[in-house]
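**Q** what's the 3D shape of this:
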Amino acid sequence: MFRRTLILFLLIVVALAGAGCRKNKAVNPIAQVDSKQPDKVLFDRSMDALQHNKFDTARITLQTLINTYPDSEYIARAKLAVGDSWYEEGSSAALQQAEAEYKDFITFFPNMPEAAEAQLKVAGIHYKQMEKPDRDFTHAKRAEDEYRQLIQQFPDSKLVPEAKQRLLQVQEVLAEREYRIGRFYFVRESYAASIARLRSLVDAYPLYSQIDEALFTLGQAYEGEINTIRAGKLQETPKANVLNDLTNRAAESYAKIVSRYPAMDRVADAKNRLQALHRPIPTPTPEMIAQNKKEEESRSQSGRLAVIMGNFKKRPDMAQAVKIGEPSLEEPKQTSAPQVMKDLMTAATKDIDGKASVETIKPGASKESDPVPRSQLAAPPPNQVNDVAVESSPKTDSGAAESSSKDQGKTQTKDNKDQAQNKDAKDQDQSKDNKESSSKQKKKKGLRKLIPF
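**A** Numbers count the residues shown, from 1 in each chain. Below is the predicted model of the structure:
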């Protein structure tokens, strides 16, 4: 009895393993059509070869059909099946060839229902090759573009819902990448670069699973820039303008968490920051609260085992991608760090009401009322500097000599005469020393002031 049970259990395990490892076989769309036409026979043979993973045989048969019967009613399906043969083969080179075949099919048969299917497979080629957010994002970006093209080019296709769901998953990966980069710059106090990345993220991917964290970090980056501006050396009016602009932007980021994402974790922190900035706290509408709750409930969480095994996989974890809502169909507008600094410069040249200031200061320019920079002051020649030093030392030494004794005053007078005679030689030596070293000459102390050398 035990042996029979064991054998039955092993058979079930083998059957399940075989079902799990089995690939989706190519389905003959005209298998139920009874016909003795030679083009139909060739198409059936190619599909049978595809089902048995004989890809080269299938392509040769399909190419024979295309070349021999160019007017056949199966010509469109044959061209699409050529791409399917490369797609099922699965290698990198085969996938590139499959993409080219699908693109050709869409070009030659744009009005056929199968054109949307070909476009979906083109997007699926890059979807299958996507990597984690901290790695190469080329395939993720291409997949986003191809899914958008399917939705916009074939809006009435029955494949659009599947394309939208896949697009939400792809945008989750791209948004995670942008957030990690923005967070990287924020930790290293490169606030302008952090603001540029996070601003692009919140504008392009509003359904990102950690959008509240992205908005809160964006507000913190604005506040970090506020501290940097306060510590800088700016005039009072431009500084006040920049601080007011940065404060408004930070408050806008916090307010968006409260009003648009009221069911997420950062709501309480955002309210606290709005109070600290003395800004009003918005009240979310009941519709927005219900919508955000549905978005959060549609997300799924990966188990601990899946998270551990994901470290050894190339594919990204897209379990937290939202399953409701419309994906973004517009090309995201990237914001750069120079653009952020340009915006701050524009804010500095405006008054509090937002009007352009009369005195617009361009980079590198200065007003007549500003003090002259030290670099623009005319430095006196070395001889003149030495003359001043020589003339000032006798007065100081004379005062010290009179306070000490008359003999020292006589000695100082004699030394001054000797110093005047050797003035030219000393000036030449000092000019050489100034060229060789930029350090200041040490002042003499005590009785060493009386020694001319």
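**Q** so residue 130 makes contact with residue 174?
**A** No: the criterion here is CB atoms under 8 Å, and residue 130 misses it with residue 174 at 9.6 Å. Using the backbone N, CA and C atoms, a C-beta is placed for each residue, glycine as well.
**Q** what's the burial count for residue 221?
**A** 30 (other CB atoms under 10 Å).
**Q** wait, what's in contact with residue 288?
**A** Listed by CB atoms under 8 Å, 6 or more residues apart in numbering, the contact set of residue 288 reads 259, 260, 262.
**Q** Secondary structure class of the last one, three-state.
**A** Secondary structure, DSSP: H, G, I helix; E, B strand; the rest coil: residue 262 is coil.
**Q** what's the burial count for the residue lying closest to it once chain neighbours are set aside?
**A** Leaving aside its sequence neighbours, residue 262 sits nearest to residue 284 (CB to CB, 6 or more residues apart in numbering; 4.0 Å). Residue 284 sits with 17 neighbouring residues when counted by other CB under 10 Å.
**Q** again, but for residue 218
**A** Neighbours of residue 218 (other CB under 10 Å): 26.
**Q** ok so it is a helix residue?
**A** Yes: membership of residue 218 in a helix is supported by three-state DSSP.
**Q** Quick check: longest helix in the chain by residues?
**A** Identified as the longest helix of the chain according to DSSP state H is helix 160-187.
**Q** picking that back up, residues touching the residue nearest to residue 262, list them.
**A** Residue 284 neighbours (CB under 8 Å, 6+ apart): 258, 259, 260, 262.
**Q** What helix or strand is it located in?
**A** Under DSSP states H and E, no helix or strand contains residue 284.
**Q** Quick check: pLDDT value at it.
**A** Per-residue pLDDT puts residue 284 at 95.
**Q** and what of residue 95?
**A** Looking at residue 95, the pLDDT reads 94.
**Q** what does residue 367 give?
**A** pLDDT at residue 367 comes out at 40.
**Q** before we move on, what about the one 3 residues further on?
**A** At residue 370, the model reports a pLDDT of 42.
**Q** With residue 344 instead?
**A** 82.
**Q** before we move on, the earlier item: find the residues that touch each one of residue 130 and residue 174.
**A** What both residue 130 and residue 174 touch, as defined by CB under 8 Å, 6+ apart, is the set residue 140.
**Q** Please convert the contacts of residue 288 to JSON lines, extending it with distance to residue 37, pLDDT and neighbour count.
**A** Shown next, in JSON lines, are those (distance: CB to CB, whole Å; pLDDT from 0 to 100; neighbours: other CB atoms under 10 Å):
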{"residue": "259", "distance to residue 37": "65", "pLDDT": "96", "neighbour count": "16"}
{"residue": "260", "distance to residue 37": "60", "pLDDT": "96", "neighbour count": "18"}
{"residue": "262", "distance to residue 37": "64", "pLDDT": "96", "neighbour count": "21"}
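**Q** Dump the C-alpha coordinates for the strand or helix carrying residue 94 into CSV.
**A** Using DSSP H and E, residue 94 falls within helix 92-108. Extracted in CSV, the C-alpha atoms of helix 92-108 (Å, rounded to 0.1, in the frame of the first residue of the first chain):
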residue,chain,number,x,y,z
SER,A,92,19.5,37.7,-27.4
ALA,A,93,20.3,37.6,-31.1
ALA,A,94,17.1,35.8,-31.8
LEU,A,95,15.1,38.4,-29.9
GLN,A,96,16.7,41.2,-31.9
GLN,A,97,15.8,39.4,-35.1
ALA,A,98,12.2,38.9,-33.9
GLU,A,99,11.9,42.6,-33.2
ALA,A,100,13.0,43.4,-36.7
GLU,A,101,10.4,40.9,-38.1
TYR,A,102,7.6,42.3,-36.0
LYS,A,103,8.5,45.9,-37.0
ASP,A,104,8.4,44.9,-40.7
PHE,A,105,5.0,43.2,-40.2
ILE,A,106,3.6,46.4,-38.6
THR,A,107,5.0,48.5,-41.5
PHE,A,108,3.4,46.3,-44.2
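**Q** From here on, call the first residue 897.
**A** Done: numbering now begins at 897, and the last item shifts to helix 988-1004.
**Q** same for that helix, what does it pack against?
**A** helix 971-985, helix 1010-1024 (3 or more CB pairs under 8 Å, 6 or more residues apart in numbering; DSSP states H and E).
**Q** Would you format these as CSV with distance to residue 1219 included?
**A** Output for the helices and strands packed on helix 988-1004, formatted as CSV (distance: least, CB to CB, whole Å):
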stretch, distance to residue 1219
helix 971-985, 26
helix 1010-1024, 16
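**Q** Show the pLDDT at the nearest residue to residue 1149 once chain neighbours are set aside.
**A** Leaving aside its chain neighbours, residue 1149 sits nearest to residue 1115 (3.9 Å; criterion: CB to CB, 6+ apart). Listed pLDDT for residue 1115 reads 97.
**Q** Same question for the one 10 residues further on.
**A** Reading off the confidence values, residue 1125 has pLDDT 90.
**Q** check contacts around the nearest residue to it once chain neighbours are set aside.
**A** Spatial nearest neighbour of residue 1125, excluding adjacent residues (CB to CB, 6+ apart): residue 1138 at 5.3 Å. Residue 1138 is in contact with 1125, 1130, 1240, 1243, 1244, counting by CB under 8 Å, 6+ apart.
**Q** Can you turn the buried subset of these into a selection I can paste into ChimeraX?
**A** A single ChimeraX command selects the buried members of the contacts of residue 1138 (16 or more other CB atoms under 10 Å):
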select :1125,1240,1243,1244
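**Q** Of the contacts of residue 1138, which is the nearest to residue 1000?
**A** Set against residue 1000, the nearest of the contacts of residue 1138 by CB to CB is residue 1240 (50.0 Å).
**Q** Can you verify my assumption that that closest one contacts residue 1145?
**A** No: here residue 1240 does not reach residue 1145: they are 10.0 Å apart, not a contact under CB under 8 Å.
**Q** How about the contacts made by residue 1220?
**A** 1190, 1191, 1194.
**Q** so what's the first one closest to, chain neighbours aside?
**A** Right, residue 1190. Nearest to residue 1190 is residue 1220, by CB to CB, 6+ apart, at 6.0 Å.
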